[in-house]
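Participant: when you get a sec, could you give me coordinates for this:
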Amino acid sequence: MDMFEKVDKLRERANVSYEEAKNALDRANGDILDAMIILEREGKTRQQGSESYSTAYTAEQQNAQAQYSAGYEQNAQRNNGPADGRTFGDKVKALFHKSTVNYVAIDRKGERIMRIPILAAILIVLFAWYAAIIAVIVSLFLDCKYSFEGQDEMKAANDVAGKAGNLAEQVKEKVVNEYNKL
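Facilitator: Presented below is the predicted three-dimensional model:
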């Protein structure tokens, strides 16, 4: 019997792949019975039709999953990351949503000039940053006030916008005073 026939016979009897059968035969110096014993000791033999698949968790798998989850939460807390399990994509979606339901409002002398979504303001700054910076500086000197409104609490952002407006007012007063002295 040639090697191929031995491999084929062992593969059928042990229900293993050709590669596993050939490796076992090589280690058994071509003896089919010894190769079968090697495969059984390694736990590679399978009973024909004995495969079964289940999506149900065993108690052992549930314990392993619980330990994994607990370890994930501890690791996330150690790394100052969220333990909520949200993916990067989920965070980007949430940020996109927040940028569309919150607005930048521009007022001048108590009258609303413009109110645009924060997303639009970000896109303007990204694609026309030079014009946006000039427009913001000029508008601050023209007594325009910026504020943030919408679903979220934006007290910190409004505080920064207020300070920028106050700073522009102070600079404007100094420039006017210096001009008047000349």
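Participant: CA atoms for contacts and neighbours, from now on please.
Facilitator: Will do.
Participant: state the mean pLDDT of stretch 102-111.
Facilitator: For stretch 102-111, the mean pLDDT works out to 90.
Participant: can you list contacts of it?
Facilitator: 112-118, 121, 142-152 (C-alpha atoms under 8 Å, 6 or more residues apart in numbering).
Participant: same question for stretch 158-168.
Facilitator: In contact with stretch 158-168 (C-alpha under 8 Å, 6+ apart) are residues 137, 140-141, 143-148.
Participant: for it, list every residue counted as buried.
Facilitator: Neighbour-count burial for stretch 158-168, counted by 16 or more other C-alpha atoms under 10 Å, picks out 158, 161, 164-165, 168.
Participant: same check, this time on stretch 140-160
Facilitator: Neighbour-count burial for stretch 140-160, counted by 16+ other C-alpha under 10 Å, picks out 140-141, 143-150, 158.
Participant: what mean pLDDT does it get?
Facilitator: The pLDDT scores in stretch 140-160 average 85.
Participant: that stretch: end-to-end distance?
Facilitator: Distance across stretch 140-160, first residue to last, is 13 Å (C-alpha to C-alpha, to the nearest Å).
Participant: please renumber so the chain begins at 734
Facilitator: New numbering, starting at 734: the last item is stretch 873-893.
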